[in-house]
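Novice: I'll drop the sequence and a predicted model, then ask my questions.
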Amino acid sequence: GLRSLSQTMTTEVMIVAGEASGDLHAANLLRAMQRQDSSLVFCGMGGDELAAAGMEILFDASKVAVVGLTEVFSHLGDILAAQRTLRRRLERRPPALLIIVDLPDFNLWLAKKAKGLGIPVFYYIPPQVWAWRSGRVKTIGDRADKVGVILPFEEQFFRQRGVDAQYVGHPLLDSVSVTMTPEDFCTRHGIAPTSRRICLLPGSRRREIACLLPRFLGAARLLQKAVADDLVFLLPLASTVSARDLYANGLAAPGDLDVRIITDERYEVMAASEMAIAASGTVTLELGLLGVPMVVAYRFSPLTYRLGRLLVKLRHFSLINLIADR
């Protein structure tokens, strides 16, 4: 009796997010919603950030956070398991609202299931359909009741195509800040103040780490050989990967580089760096807001790369250049 009474006093919302930045933005959205209405409870798919915010994790997002057409196949079992788990929860205990965050192919499938059950859908941070696969705009409009976009030009793009979209501001504008000076950061982590500090940001998915980290470390070795200065390479740990993933992809080699894995203080790491080598993605905006110069790179499987060259038609490669249009 007490259990049924407590359920009537709460409203459940399902949130489904994928990789690290989606996990972070969804967690901040969850907290903002709870400040508006303390009776809200949350369940869904996410990572450490959503778990720390108090969401019931039905499936670990790190198991399905993959990128590239060919890379999906190696994780197909986890993807199907996640779909099965979330679909059953929608059917057996329908939430008042489904919030989907990025992860388009997975989330649009789930949104279709929710709409069939009469559950309203809010798409927060939709895919970049203005870059490629613009045919998904109609699918988004059919399956999402409301779309919250975070890039200024996206609202007009969606509205012109009949989608109820609203620009809600980029969440990084609220969250990117530092609490200590670079000097204090170096003291805290035992880094000599005379060293040159370079941030390595090889992505937030295991596949990205496997593809990019060995190349970033190779670039680091070339840099260290080219200069007489002592270089310290700072490697912040994303919430969706573990230190084991890093050591399995190059860090286990003999210590010819001074690499420091930092498990928290993400923005302090960036702000304390003179420059960064970064995977293309949201991290480029974080670095830009902190004023850190960067080299941006990415690596795909050969098939994904060739398909991308055919399908993606953009003036610029990096997100920060797309927003600045220069």
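Specialist: In hand now; what should we look at? Residues are numbered from 1 along each chain as shown.

Novice: for the lengthiest helix in the chain, the distance to its chain's centre please.
Specialist: If you go by DSSP state H, the chain has its longest helix at helix 206-226. Distance of helix 206-226 from its chain centroid, counting by Cα atoms, centre = their mean, to the nearest Å, is 21 Å.

Novice: Which strands and helices lie in contact with that helix?
Specialist: With contacts taken as 3 or more Cβ pairs under 8 Å, 6 or more residues apart in numbering; DSSP states H and E, helix 206-226 sits against strand 196-201, strand 231-236, helix 243-246, strand 275-279, strand 294-297. Quick note: C-beta positions are derived from backbone N, CA and C, even for glycine.

Novice: Which one, of those, ends up nearest to Lys146?
Specialist: strand 275-279 (30.3 Å; Cβ to Cβ).

Novice: on that earlier part again, tell me the mean pLDDT for the longest helix of the chain?
Specialist: Helix 206-226 carries an average pLDDT of 90.

Novice: still on that earlier bit, mind telling me which of the helices and strands packed on helix 206-226 the model trusts least?
Specialist: Across the helices and strands packed on helix 206-226, helix 243-246 gives the lowest mean pLDDT, at a mean of 76.

Novice: Can you give me the buried ones in that helix?
Specialist: Neighbour counts using 16 or more other Cβ atoms under 10 Å place Asp245, Leu246 of helix 243-246 among the buried residues.

Novice: ok, now which ones touch Arg299?
Specialist: Arg299 makes contacts with Cys211, Leu212, Arg215, as judged by Cβ atoms under 8 Å, 6 or more residues apart in numbering.

Novice: Gly281 contacts Ser21, doesn't it?
Specialist: Yes - judged on Cβ atoms under 8 Å, Gly281 makes contact with Ser21 at a distance of 7.1 Å.

Novice: joint contacts of these two?
Specialist: What both Gly281 and Ser21 touch, as defined by Cβ under 8 Å, 6+ apart, is the set Ser204.

Novice: Tell me which of these two has more neighbours.
Specialist: Higher neighbour count among Gly281 and Ser21: Ser21, with 24 against 21, using other Cβ atoms under 10 Å.

Novice: hmm, back to that, most neighbours among the contacts of Arg299, which one?
Specialist: Neighbour-wise, the contacts of Arg299 (other Cβ under 10 Å) top out at Leu212, 24 neighbours.

Novice: if I pick the residue nearest to that residue when sequence neighbours are not counted, what's in contact with it?
Specialist: Distance criterion Cβ to Cβ, 6 or more residues apart in numbering; nearest residue to Leu212, sequence neighbours excluded, is Pro202 at 3.9 Å. Going by Cβ under 8 Å, 6+ apart, Pro202 touches Glu208, Ile209, Leu212, Leu213, Phe216, Leu235, Ala279.
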